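In: Predicted model follows, preceded by the sequence.
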Amino acid sequence: MFKWKESFNCEVGSVDQQHQKLFQIGMQLHEIVKAKDQLDHYDEMMEVLQELKHYTIDHFQYEEALMEKHHYPGIADHKEAHQAFINKVIEIENQDIDEKQKKIGMDIIIFIANWIESHIMKVDMEYKEFFQEKGSL
Ligand SMILES: [Fe+2]
Ligand SMILES: [Fe+2]
């Protein structure tokens, strides 16, 4: 999970670096969740989830600014996909404030990993060729 593959490379601006950073944060979250030391990692999890959220928002803004600047035709759908993910992460955060559900479960981590991976492979990849034809950004 959150393992970087060569096929994730878009070669657009600093997108690849940012995607790698997202994977790093995801991996941290995964490490915390799979720890079996019986300690309470709730605060630590929430902190990393926050970091993931903020970094994701920054990354999405970076992509959207590039798309706007170059009049990328698929921008509306792409923005919608970004917003849906942010909403989902906010939902996860709010759920976890609930006393009954104190921990971020492995299923949530799997959801996040799958979402990021499929977004890069399907949605981000759609702009790869478009930006590459533009030459320098
Ligand atoms: Fe992206
Ligand atoms: Fe994206």
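Out: Nice, I can see it. Ligands and ions are numbered 1, 2, ... in the order given.

In: neighbouring contacts of the strand or helix carrying residue 18?
Out: Following DSSP states H and E, one finds residue 18 within helix 15-34. With contacts defined as Cβ atoms under 8 Å, 6 or more residues apart in numbering, helix 15-34 is touched by 1-4, 8-10, 41, 44-45, 48-49, 51-52, 55-56, 58-59, 62-63, 103-106, 109, 112-113, 116, 120, 124. For glycine as for every other residue, the C-beta is placed from the backbone atoms N, C-alpha and C.

In: Can you select the buried ones from these in PyMOL?
Out: Selecting only the buried entries of those in PyMOL, with 16 or more other Cβ atoms under 10 Å as the criterion:
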select buried, resi 2+8+10+41+44+45+48+49+52+55+56+59+63+104+109+112+113+116+120+124
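
In: pLDDT value on the nearest residue to residue 116 once chain neighbours are set aside, please?
Out: Leaving out its chain neighbours, the residue that sits closest to residue 116 by Cβ to Cβ, 6 or more residues apart in numbering is residue 22, at 5.9 Å. pLDDT, residue 22: 97.

In: do residue 35 as well
Out: Residue 35 is given a pLDDT of 86.

In: Distance of the residue nearest to it when sequence neighbours are not counted relative to residue 94?
Out: The shortest distance from residue 35 to any non-neighbouring residue, by Cβ to Cβ, 6+ apart, is to residue 41 (6.2 Å). Distance, residue 41 to residue 94, using Cβ to Cβ, to the nearest Å: 19 Å.

In: just residue 31 next, same as before
Out: Distance of residue 31 to residue 94, computed by Cβ to Cβ: 24 Å.

In: The residue lying farthest from the centre of the chain in helix, strand or coil?
Out: The outermost residue of the chain relative to its centre, with distances by Cα atoms, centre = their mean, is residue 38 at 28.0 Å. Secondary structure, DSSP: H, G, I helix; E, B strand; the rest coil: residue 38 is coil.
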